[in-house]
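Participant: Predicted model and sequence follow; I will ask about them next.
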Amino acid sequence: MNGYTENGCKEAEQVAGKGVTCENCPFEKCRYEFEAKRPLLEDEDIRKVQSMLEKNINTTLIASQFGVSQRTIQRVKSGKYAGIKV
């Protein structure tokens, strides 16, 4: 199982509107079939981000420094970032 149903996904719905299915998906590649070449943040980067967060450095600044979204930084902060050892 690929982790999705043939009912589409939130991303496709945001682009194409309600009722979009896998069959009429607007994207060239399925988000569930995407394989990252490496994690967005390596373990060392995660430790650096955590250190910066402990120093109360702004999440926008941290995100831009590592080339990730603020949401990724928030996930690190909450301990919910994939691959993080909490």
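Facilitator: Sure, I can see it. Numbers count the residues shown, from 1 in each chain.
Participant: Apart from its neighbours in sequence, what residue is nearest Glu13?
Facilitator: Val20 (5.5 Å; CB to CB, 6 or more residues apart in numbering). Heads up, the C-betas are built off the backbone N, CA and C, glycines and all.
Participant: My guess is that neighbour contacts Pro26. True?
Facilitator: Yes: if you go by CB atoms under 8 Å, Val20 and Pro26 touch, sitting 7.0 Å apart.
Participant: okay, the two: which has more neighbours?
Facilitator: Under the criterion of other CB atoms under 10 Å, the comparison of Val20 against Pro26 puts Val20 first, with 19 against 13.
Participant: and the more buried one, what is it in contact with?
Facilitator: Gly8, Ala12, Glu13, Pro26 (CB atoms under 8 Å, 6 or more residues apart in numbering).
Participant: Phe27 too?
Facilitator: Glu11, Ala12, Val15.
Participant: mind checking how far it is from Val15?
Facilitator: 8 Å (CB to CB, to the nearest Å).
Participant: got it, and Thr21?
Facilitator: 13 Å.
Participant: quick one, which of those two is more surrounded?
Facilitator: Neighbour totals were compared for Thr21 and Val15, and Thr21 leads with 14 against 11 (other CB under 10 Å).
Participant: In this structure the more buried one contacts Glu13, no?
Facilitator: No: between Thr21 and Glu13 there is no contact, the gap being 9.9 Å when judged by CB under 8 Å.
Participant: For Met52, the count of nearby residues, please.
Facilitator: 18.
Participant: Give me the pLDDT value at Leu40.
Facilitator: Looking at Leu40, its pLDDT is 72.
Participant: tell me the domain boundaries of the protein?
Facilitator: Listed domain ranges for the chain are 1-35, 43-78 (source: automatic domain parsing).
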